[in-house]
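Engineer: mind looking at a prediction? Sequence and model below.
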Amino acid sequence: MTATARHSSRNRIRESTSRRVFRVINTTVLILLALICLLPFINVLAISFSDSFFVDSNQVYFWPKGFTLSAYTYILTRASFWSSFRTSLLRVALGGALNLFFIILTAYPLSKSNDRLHFRNVYTWYFFITMLISGGMIPNYLLICNMGLRDTIWSLVLPGALPVFNLVLMLNFFRQVPPALEDAALIDGAGHLRTLVQIYLPVSLPAIATITLFCIVSHWNAWFDGMIYITTPSRIPMQTYLRSILIDMNIAEMSADDYELYASLANRTVKCSQIIVATIPILCVYPFLQRYFVSGIVLGSVKG
Amino acid sequence: MTQKNTATHSHKRRRGISRAELPLHLMLIPGIVIIFIFHYIPLGGLVIAFQRFIPAKGLFGNQKWVGLQNFEYIFSMPNTMNVLTNTVVIAGAKIVLNLIIPITVALMLNELQSSKLKRTVQTVIYFPHFLSWIIFGSIIMDLLSPQNGIVNKLLGALGTDPIFFLGDNRYFRQTIIWTDIWKNFGYGTVVYMASITSIDPTLYEAAAIDGANRCQQTRHVTLPGMRMIIVLMMVLSLGNVLNAGFDQIYNMYSPIVYETGDIIDTMVYRLGMENAKYSPAAAVGIFKSVVSMVFISASYYVADRFFDYRLF
């Protein structure tokens, strides 16, 4: 009843013709925008399920022609595809766990007010400066080489172990926890670590879910570090591997297994099926990403 | 008595970290160490821009100091100015369009009456943001391919000759800019939609009672309600003035389009990683870091001073 009342009050003036025209155009434009975003994926999907004969003769648009799973069975039997998939899973698990450990442990003290944590300003500047200036590609690369981390999984997970932007999201969320909860725990004799684990973490699950998703997606999508740090083909993460197959096509650096794949790429179906396979994990977490993303923005915009 | 207590108490506080507070400081140590190693050490490593760096001697080894020689080398290279122009033009266009388009789309979405359609459109346009440039870039390259891309097939049906979007200096920048918008406008739209939904609905009712039509309601209620977030996003995006998008361009460019598409980051990559000219590459890196730092600091200062926005 209230909803209808509000609705009618917003449209008290009877709809004019120009208004109706606007509404039709507006809806059409938005649907077109959505289609522009959607159709390329449908095109790639259709190609990946099509017979390469129809693909090569440019007959496939948005529906598979000569339906076949051969491209998928082909890539899913590649050893190099699976090894890169495993590396990426390991990276997501290890990197995500490290991210959470560092973010939570650092965000908790920083979420305290200045009189509860001395030198808080010094600490926040220490972390804030990393958002203003960075050494950039070359010194980072030389550091990893000097530390002997090259060609290990650590070169992929340690440098970004504490993402400062996510740290800010987490600490803004911790700040909303009523200080009375903390005081009660401290009076009961709980230490700070215990307060963090038993009081703060349970009430912060939505924020932790948001940040976990952000960390997972960024680890899954990362490719540049895999390209410059990892040299052993079996340790290359998925996106870097896909880059070498889909974009680079540097035959000189290919293993025999990859070359066979490259040769078969003359048909676009294999290429498109790889794109689809790499998109599926993102598609799986997408509903959650979407659900938590807005709360993430709200967290980020809380003023300190 | 009470007074005395408070006095000793505050005295204690001033003296430094109390025992109860100590665990908080200990908890910060892992984060401080990891940031020191992987952020402050590379920052210090930028000194190689003033050296003739020999990798065998190590990052902080006994290298030969050469003053500003590397900077002179960089600015004597024939394409440096070109790279700078490309960077600023591409980054600038992205900054402007990534503000205007999402705001427009958010306002348009707000006019939709079916909330189901609203949600569906948001879901669809926002998805590409979560794909890597490897995946999204290869989809685009497939679409825009001059031989069998679907875009050129459609253009062919209209009687146009095939266009090599990513291999022609006339089109490359435009293609880079618009495909970036394509990937990211959904993200911005969702951000602005979130701020629209937080506007108090009674404001609309009041405006309607005062006789404002939908257009006037948008201008006098919705836009003012979004003002804060718009200005904030604008101010914060200024820090990207030299970030033309390495991930995107590195995966989509080729030597044919260096003239219009080579940017600072790709130049640093080729100098340092492909040609092992670490010192000149670090010199370019310093230049970029310093300019970016000035812009980012200024933008945070403005955001803090005028919009009460503080990150920490």
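Structural biologist: Here it is on my side, so go on.
Engineer: where do the helices sit along the stretch 1-150 of chain A?
Structural biologist: A:2-10, A:17-48, A:52-56, A:70-76, A:79-110, A:120-132, A:137-146 (DSSP state H, counting those that start in this stretch).
Engineer: ok, which of the ones you listed comes nearest B:Leu68?
Structural biologist: When the helices of the stretch 1-150 of chain A are compared by Cβ to Cβ, helix A:137-146 sits nearest B:Leu68, at 17.3 Å. All C-beta atoms are positioned from the backbone trio N, CA, C, and that covers glycine.
Engineer: and the next helix or strand after that closest one, how far from the chain's centre?
Structural biologist: Downstream of helix A:137-146, the first helix or strand assigned by DSSP states H and E is helix A:154-157. Relative to the centre of its chain, helix A:154-157 is centred 17 Å away, using Cα atoms, centre = their mean, to the nearest Å.
Engineer: give the buried residues for helix A:154-157.
Structural biologist: A:Trp154, A:Ser155, A:Leu156, A:Val157 (16 or more other Cβ atoms under 10 Å in any protein chain shown).
Engineer: re the thing from before, deepest-packed of the helices of the stretch 1-150 of chain A, please.
Structural biologist: Highest mean neighbour count among those (mean count of other Cβ atoms under 10 Å in any protein chain shown): helix A:137-146, with a mean of 22.
Engineer: can you list the helices and strands that it packs against?
Structural biologist: Helices and strands touching helix A:137-146, by 3 or more Cβ pairs under 8 Å, 6 or more residues apart in numbering or on different chains; DSSP states H and E, are helix A:224-229, helix B:41-45, helix B:264-269, helix B:278-307.
Engineer: what's the closest of these to B:Glu111?
Structural biologist: helix B:278-307 (27.4 Å).
Engineer: how about that closest one and chain A, any contact?
Structural biologist: Yes: contact of helix B:278-307 with chain A (Cβ under 8 Å from any Cβ of the partner chain) involves B:Tyr278, B:Ala281, B:Ala282, B:Gly285, B:Lys288, B:Ser289, B:Val290, B:Ser292, B:Met293, B:Ile296, B:Ser297, B:Tyr300.
Engineer: can you put those in a markdown table and add distance to A:Leu117, pLDDT and neighbour count?
Structural biologist: Formatted as a markdown table, the residues of helix B:278-307 next to chain A follow (distance: Cβ to Cβ, whole Å; pLDDT from 0 to 100; neighbours: other Cβ atoms under 10 Å in any protein chain shown):
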| residue | distance to A:Leu117 | pLDDT | neighbour count |
| --- | --- | --- | --- |
| B:Tyr278 | 40 | 91 | 26 |
| B:Ala281 | 40 | 92 | 28 |
| B:Ala282 | 36 | 92 | 30 |
| B:Gly285 | 34 | 90 | 28 |
| B:Lys288 | 34 | 91 | 21 |
| B:Ser289 | 30 | 89 | 19 |
| B:Val290 | 32 | 91 | 11 |
| B:Ser292 | 30 | 89 | 21 |
| B:Met293 | 27 | 90 | 16 |
| B:Ile296 | 26 | 87 | 18 |
| B:Ser297 | 25 | 89 | 13 |
| B:Tyr300 | 22 | 84 | 20 |
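Engineer: where's B:Pro201 relative to chain A, distance?
Structural biologist: 7 Å (Cβ to the nearest Cβ, to the nearest Å).
Engineer: okay, now the unreliable bits of chain B?
Structural biologist: B:1-16, B:311-312 (pLDDT under 70).
Engineer: how does it divide into domains?
Structural biologist: Per automatic domain parsing, the structural domains of chain B span B:14-67, B:72-307.
Engineer: quick check, the helix or strand hosting B:Phe136 touching chain A?
Structural biologist: Element membership for B:Phe136, per DSSP H and E: helix B:133-144. Yes: contact of helix B:133-144 with chain A (Cβ under 8 Å from any Cβ) involves B:Ile134, B:Ile135, B:Gly137, B:Ser138, B:Ile139, B:Ile140, B:Met141, B:Asp142, B:Leu143.
Engineer: isn't the last one up against B:Leu154?
Structural biologist: Read that as B:Leu143. No: contact criterion Cβ atoms under 8 Å: B:Leu143 and B:Leu154 do not qualify, at 10.1 Å.
Engineer: the more surrounded of these two?
Structural biologist: B:Leu143 (18 against 11; other Cβ atoms under 10 Å in any protein chain shown).
Engineer: can you report how many residues neighbour residue 291?
Structural biologist: Unless you meant another one, I'm taking chain A. Other residues near A:Arg291 come to 13 when the count uses other Cβ under 10 Å.
Engineer: my bad, the chain I had in mind was chain B
Structural biologist: Using other Cβ under 10 Å, B:Val291 has 14 neighbouring residues.
Engineer: ok, for it, nearest residue in space, not its chain neighbours?
Structural biologist: Distances taken as Cβ to Cβ, 6 or more residues apart in numbering or on different chains put B:Leu242 closest to B:Val291, at 5.7 Å, once the chain neighbours are dropped.
Engineer: that neighbour and A:Gly135: what is the separation?
Structural biologist: Taking Cβ to Cβ, to the nearest Å as the measure, B:Leu242 and A:Gly135 are separated by 15 Å.
Engineer: between the two, tell me which one has more neighbours.
Structural biologist: Set side by side, B:Leu242 and A:Gly135 show more neighbours around A:Gly135, with 24 against 18, by other Cβ under 10 Å.
Engineer: show the backbone phi and psi for that one.
Structural biologist: The phi/psi pair for A:Gly135 (degrees, to the nearest 10) reads phi -70, psi -30.
Engineer: with B:Trp65 instead?
Structural biologist: Dihedral angles for B:Trp65 - degrees, to the nearest 10 - are phi -80, psi 130.
Engineer: who's in contact with the spatially closest residue to it that is not a sequence neighbour?
Structural biologist: When the adjacent residues along the chain are set aside, B:Trp65 lies closest to B:Gln51, with 5.6 Å between them (Cβ to Cβ, 6+ apart). B:Gln51 makes contact with B:Gln63, B:Lys64, B:Trp65, B:Val66, B:Ser279, according to Cβ atoms under 8 Å, 6 or more residues apart in numbering or on different chains.
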